[in-house]
Structures are given as structure tokens and as C-alpha cells.
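Colleague: Sharing a sequence plus its predicted fold:
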Amino acid sequence: MTSEDEKPTSSNSGAPDIAPDDERDQEKSDGIALPSHVAGSGALDRLVDTARAYAAQATAENTNKAYKKDWEHFTRWCRRRGAEPLGGNAPDPQLIGLYITDCAAPQDGAPALSPGRTQPLGRPQAALRPLAVSTIERRLSGLVWHYQQRGFTLDRKDRHIATVLAGIRRKHARPPVQKEAVLAEDIRAMVATLPFDLRGLRDRAILLIGYAGGLRRSEIVCLDHSRDDLGSTDGAPDSRGWVEIEDEGAILFLRGKTGWREVEIGRGSAEQTCPVHALEQWLHFAKIDSGPLFRRTKRDNKRVLEDRLSSKHVARLIKQTVLDAGIRSDLPEKERLALFSGHSLRAGLASSAEVDERYIQRHLGHASAEMTRRYQRRRDRFRVNLTKAAGL
């Protein structure tokens, strides 16, 4: 997601800029609060704070950050054009339609719209890059969410929004860009490039557990050693699961959007590529018996720290081992790096596992088989040849 660090500027239209503190106060007042007819008290105020904390956990942390930036970008866009985000104390579909139009086809010479660009107000900007259709739809979802928090309803089916968005999709939509799947032979080559020191044991366990579990990179690093490490219900938001190792394999307990799910990872046919064995080796030599499962190590690579690894480490690890293993060496290095990401592990399992589709769907936690098929890169291509079946 593109960073949006534009500095606040004043509007030529005379519309006052809202200070950051005022924006925070406005969000708080528009959110959960005591009813106006109820007298405040210490106990009720604490309940309000707790309710706000629960409401903040209703959506994923990354989603909250994205929606916050969407709203900031929209309000900045409005102020620079002398408009109000809440014209008449209600969302204006016509204004939203103009906003998504400007996102899809920025006007030359208009004030900077593109995220991450800082431009003094009034200075012409010759070429603004249009946003992708998926980004525009995400921004629209962010606006809908923020209006809901303020007690308003933004109707996405309103003709000023729906018809404009339909036209944007028709003219600008491009095929989805999918990351390359890491297949079975690839993951074996990738783990073979890792040393058997402390950091190498950790990274080997990350790759194999992530692959065999079909996990997202955030799910890999959110794991704790045991259930007791999750702590109380108001514990750290980066702790969302734990692992239990049994004779037959490991069971991961993960908390997702719709609740808890279990992921079974069986033992492999060889120790070199067995995800459960790799995890046991890491836990043993790292002396981890509580807390985060995957952690940073000291610079000398001789001791494990208490800090949980960032999910960015998983993406960097995949890209580096892809290069070291010589995967897709027919392409330039820059293209190879762009092909693979954290999702390559998840897509790799879905593409490589020759089992009934329903087992893969359950393993990945998908609500529909259609979503699972999106992850099965090339697995079923030409398995059924309708051309020959039709007699040609």
C-alpha cells in the first residue's frame, strides 16, 4: 500500500484545515460514547473505553490503518477543493462520484492527489498517476466504513457512485496480478540454501510451516508457543494463535476474521523437509518454551531475543531464498523478486497438493471453493481436455 505522508496545507478556498488533534476528537465524538441523557461516572467512562477498544478490534489492524488513510486522503481532497466531507451533515454521493473520478483520471494542473506526493497548493502537477481500480474500490469501502462510524449511510448503489464506478471498471480494469506459487521442488531448493545455525533453523521452520500450513505471513509470525501465552482478552494484537506438537504432527490454532480455526500439519517423509521436525529443532536450539514462536536473533546469531519477528521478514526471506536457489533464473533478478511474495507459500500448497479440493479449501480457511481455485496456480490446467472430448 502506498504511503501517504502529505503535509497539511491551507486551502485557497478559505475552507479551514482541521488540526490532527481536532480530527482525533471528532472521531472520538462520532464513535462510541455515553447516551446524552445518561450522566457520566467513572465506571461508565471505563465501559466506554472498553467498548471502543472492542470496536477497534472488529476489523483487522491493517484494515483499520488503510481505512484511516482513505478517510484522510478524501478529507484532504475535499478541503483543497473547498468542499466538506460531510456536506449538510450527510455524505454527498455526487461528491463521492467526483472523488473516485479524480482518482481514476487525475486532472492535470489540479492539486496533488496521489498518495505520498508533497506539493505546495496551487503549483501545477503535469502528470498524476491514476489509481488502480482495486485501490479505488478499497478507498470507497474505507469511506463507507467511516461514514458508518459517524452514524451515516453511504449508498454505494446510488447512481452518482455506481455508474461512475462501473465505467471506471469497464475502461480501466486490468487482469489481477497474482504472485508466483512456490511449488514442492522450489521449497526443497529454498530450504537447502539455508545454513544450520540459529537463524537458519528459524528461517527453515518459517518456510516449511508456512508452506505446509498454507499460511499468510501475518499468521506465521503471530503464533505463540502455547495457549497460555495468548494472555487475557486485551492482550497484544500481534498474538493470534498457538501451536501444539503431537506424535502425528502439529496443530495450529489461529484466530481469523470469522473466529478460530485449526490447521493440521502432518510430519513429512524426510527430516530435511519435514515442517514439524524443523519447528522442533528451532524450538530446541532457541530454548523457546513460552512467548512468540518466531523471534529475532542477536547480531552474532548466538542468542534469541524476546521480540516477535515482523511479517516483512517472511517476504524478504522468500525473495532471498528464491534468488539463492536459482528459481526462475530465466528472468532478470528484478522480475524474479517481483514474482514472489509471502502469498507464494499459500498458493504453492494449494497448487501442489494433489488432494480433493474440499480438503484444500478447509486447510486454507476459505469460505468458498471459488476462492480456493484462485490459489491453485496451473494445477488443473488441461487436466480435462474438452477439445478432444468433443471429437476434435
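Modeller: Done, it's in.
Colleague: I'd like to know which elements the helix or strand His284 falls within is packed against.
Modeller: Using DSSP states H and E, His284 maps to helix 275-286. Applying 3 or more CB pairs under 8 Å, 6 or more residues apart in numbering; DSSP states H and E, we find helix 275-286 packed against helix 198-213, strand 241-245, strand 249-256, strand 259-266. Every residue, glycine included, has its C-beta placed from N, CA and C.
Colleague: Mean neighbour count, these: which tops it?
Modeller: helix 198-213 (a mean of 24; mean count of other CB atoms under 10 Å).
Colleague: quick one: it to chain centroid distance?
Modeller: Put simply, helix 198-213 sits 21 Å off its chain's centre (CA atoms, centre = their mean, to the nearest Å).
Colleague: May I ask which helix or strand encompasses the closest residue in space to Gly142 that isn't next to it in sequence?
Modeller: Closest residue in space to Gly142, ignoring its immediate chain neighbours: Asp70 at 2.9 Å, by CB to CB, 6 or more residues apart in numbering. Asp70 belongs to helix 61-80 when assigned by DSSP H and E.
Colleague: Now that helix: buried residues?
Modeller: For helix 61-80, burial by neighbour count (16 or more other CB atoms under 10 Å) applies to 66-67, 69-80.
Colleague: go on, stretch 82-99?
Modeller: Burial within stretch 82-99, assessed by neighbour count using 16+ other CB under 10 Å, is assigned to 83, 85-86, 91-93, 95-99.
Colleague: Just the terminal-to-terminal distance for it.
Modeller: With CA to CA, to the nearest Å applied, stretch 82-99 spans 13 Å between its terminal residues.
Colleague: quick one: contacts of it?
Modeller: Outside stretch 82-99, the residues that touch it by CB atoms under 8 Å, 6 or more residues apart in numbering are 11, 13-15, 74-75, 77-78, 140, 143, 147, 150, 152-155, 158-161, 164.
Colleague: One more pass at 6 Å, please.
Modeller: 13, 15, 75, 77-78, 147, 152, 154, 158, 160-161, 164 (CB atoms under 6 Å, 6 or more residues apart in numbering).
Colleague: Tell me how this protein divides into domains.
Modeller: The chain breaks down by automatic domain parsing into domains covering 20-172, 184-375.
Colleague: Would you tell me which one of those is buried the most?
Modeller: Stretch with highest mean neighbour count among these: domain 184-375 (a mean of 17; mean count of other CB under 10 Å).
Colleague: Go ahead and measure how far that domain is from the middle of the chain.
Modeller: Computed by CA atoms, centre = their mean, the chain-centroid distance of domain 184-375 equals 16 Å.
Colleague: picking that back up, measure how the helix holding His284 sits relative to strand 249-256, angle-wise.
Modeller: On the basis of axes from the mean of the first three to the mean of the last three CA atoms, to 10 degrees, helix 275-286 is oriented at 90 degrees to strand 249-256.
Colleague: about what we covered before: for the helix holding Asp70, name the packing helices and strands.
Modeller: When contacts are defined as 3 or more CB pairs under 6 Å, 6 or more residues apart in numbering; DSSP states H and E, helix 61-80 sits against helix 133-149.
Colleague: model confidence over the helix it packs on, on average?
Modeller: Helix 133-149 comes out with an average pLDDT of 92.
Colleague: Centroid-nearest residue for the protein?
Modeller: Nearest to the geometric centre of the chain sits Asn62, at 6.0 Å (CA atoms, centre = their mean).
Colleague: Grab the nearest non-local neighbour of that residue.
Modeller: Nearest non-adjacent residue to Asn62, counting by CB to CB, 6+ apart: Ser218, 7.9 Å away.
Colleague: how close does Ala192 get to Glu185?
Modeller: Here Ala192 is placed at a distance of 11 Å from Glu185 (CB to CB, to the nearest Å).
Colleague: Val304 reaches Ala286, doesn't it?
Modeller: Yes. Under the criterion of CB atoms under 6 Å, Val304 makes contact with Ala286 at 4.5 Å.
Colleague: Find the residues that touch each one of those two.
Modeller: Counting by CB under 6 Å, 6+ apart, nothing touches both Val304 and Ala286.
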